[in-house]
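**Student:** Need coordinates for the following:
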Amino acid sequence: MSNPLFHLSHAGGDGPLLVFSHALGMDHTAWAPVIDALRGRWRVLVFDHAGHGRSAAPLPPCSMDSLVEQAADFLRDVAREPVVWVGLSMGGMVGQGLAIRHPDLLRGLVVANSTAFYPEAGRAAWSARIDAVAQGGMDAIADMVMARYFHEGFRAAQPDAVARAREVLRATDPVAYADCCRAIRDVDWRAGLARIACPTLVIAGELDGGTPPAMSQAIADAVPRAQLAVIAQASHISAIEQPAEFARLLLAFVAGRVDGQARVQDDYDRGLRQRRRVLGDAWVDRSLAQRTAFNGEFQQLITRHAWNDIWGRPALGDRTRRFMVLSMMLGLRAWEEFALHVRAALDAQDDSRLSPDDIKEAILMAAIYCGVPAANHAFGIAGAILKDKGLAQPEGFDASH
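**Tutor:** Sure thing, here's the model as predicted:
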């Protein structure tokens, strides 16, 4: 399927596909120094966001939501596999949105020189930039932007690199640029950061005044298990100022966290499918929606080990396991879990489904080995569930306890 965003592929090894997403006012060429430093070790895909470089301008207005959805369509149409998203500044904001809203599209996430949110002073600065572009076009902001992109020492030492960046900025569609400024100004991913599950590397520039290291630290603190790295002698466009260090950090992250996490991710995916099949999509969706930075690792653990390693074993089968779990939850007096598995057993759409008679027999058996008071309470819980579902209670099933 064709995609409206201009893109180029670079061949490499057999590892994960890296997709590079540029900053506002730049294009895919900004990543050339980093790609050169990677020396063909990975497959690479670069592209131009709409209104930048060789991608046609979108119809205004755009928003961060539309940038994320356009990127998601691009990954489905062009990448066609889960990728490591490497985003700088605006590209990092889009990457956070992808990881929150389309986690199936990412194997890993790199957020460089970016933020999840701007305070009021930052929002006001973006509004002023929008007004300046509206009144004077791209030339009106070129000097200011170069001063924010590159620190003074780099501007003095590498004037040709700065001149190339300036020309790319000046060639950017001013309407699309202003729209992207509004999207950046209004970004707020804070509520979703704790739900990012893929391996994440956050990169900051030591001298970055636009998105200072504290903003990167806030992202790293909120995303479970995220790593933070600060590049010395780098301002906002760290990939141009310090490409060798950027590439080194990227290589270490992909080799250590992304490739190393592949088996873990496969175990999690299998466990999640099993968990959905046994407990139902509705309950699992509610449980996943309650993930936080505090409990996210526990959710990963039980999905991989309980649902993949144990429920995924072929020897006993799901029907036998349902009887066993009901009995063990009754014996432990774990009533919330007992109720969950009663509902799931009654709602199952396969051969593992238990009937009200099956549940009655499980409780009667447990009455002998776990105690009559526990069984009495279990009959009350199960009876209420049967009544709620409009199912007839079998003979001898008394929910009054």
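**Student:** which residues sit in contact with residue 333?
**Tutor:** Contacts here follow Cβ atoms under 8 Å, 6 or more residues apart in numbering; on that basis residue 333 touches 374, 377. C-betas here are computed from N, CA, C, even on glycine.
**Student:** the bottom helix or strand of the chain by mean pLDDT?
**Tutor:** None of the helices or strands of the chain scores lower by mean pLDDT, DSSP states H and E than helix 259-279, at a mean of 76.
**Student:** do you know how far the most centrally placed residue in the chain is from residue 110?
**Tutor:** In the chain, the C-alpha closest to the average C-alpha coordinate belongs to residue 99, at a distance of 2.2 Å (Cα atoms, centre = their mean). Residue 99 sits at a distance of 11 Å from residue 110 (criterion: Cβ to Cβ, to the nearest Å).
**Student:** what is in contact with those two at once?
**Tutor:** Residues within reach of residue 99 and of residue 110 at once, by Cβ under 8 Å, 6+ apart, are 85, 200.
**Student:** In which helix or strand does the residue lying closest to residue 64 once chain neighbours are set aside reside?
**Tutor:** Across the structure, with Cβ to Cβ, 6 or more residues apart in numbering as the measure, the residue nearest residue 64 apart from its sequence neighbours is residue 183 (4.3 Å). For residue 183, the element it lies in under DSSP states H and E is helix 174-185.
**Student:** Dump the following helix or strand past the least confident helix or strand of the chain to PDB, restricted to CA.
**Tutor:** Past helix 259-279, further along toward the C-terminus, the next helix or strand under DSSP H and E is helix 281-289. Written as PDB, here are the backbone C-alpha positions of helix 281-289 (Å, rounded to 0.1, in the frame of the first residue of the first chain):
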ATOM      1  CA  ASP A 281     -11.600  -9.600  27.100                       C
ATOM      2  CA  ALA A 282     -13.800  -7.300  29.200                       C
ATOM      3  CA  TRP A 283     -12.100  -8.200  32.500                       C
ATOM      4  CA  VAL A 284      -8.600  -8.200  31.100                       C
ATOM      5  CA  ASP A 285      -9.200  -4.800  29.400                       C
ATOM      6  CA  ARG A 286     -10.300  -3.400  32.800                       C
ATOM      7  CA  SER A 287      -7.300  -4.800  34.500                       C
ATOM      8  CA  LEU A 288      -4.800  -3.500  31.900                       C
ATOM      9  CA  ALA A 289      -6.400   0.000  32.100                       C
END
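**Student:** what's helix 281-289 in contact with?
**Tutor:** Under the criterion Cβ under 8 Å, 6+ apart, external residues in contact with helix 281-289 comprise 272, 275, 276, 299, 340, 343, 344.
**Student:** For ChimeraX, write a command that selects the buried ones of those residues.
**Tutor:** The buried subset of the contacts of helix 281-289, as determined by 16 or more other Cβ atoms under 10 Å, is captured in ChimeraX by this line:
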select :272,275,299,340,343,344
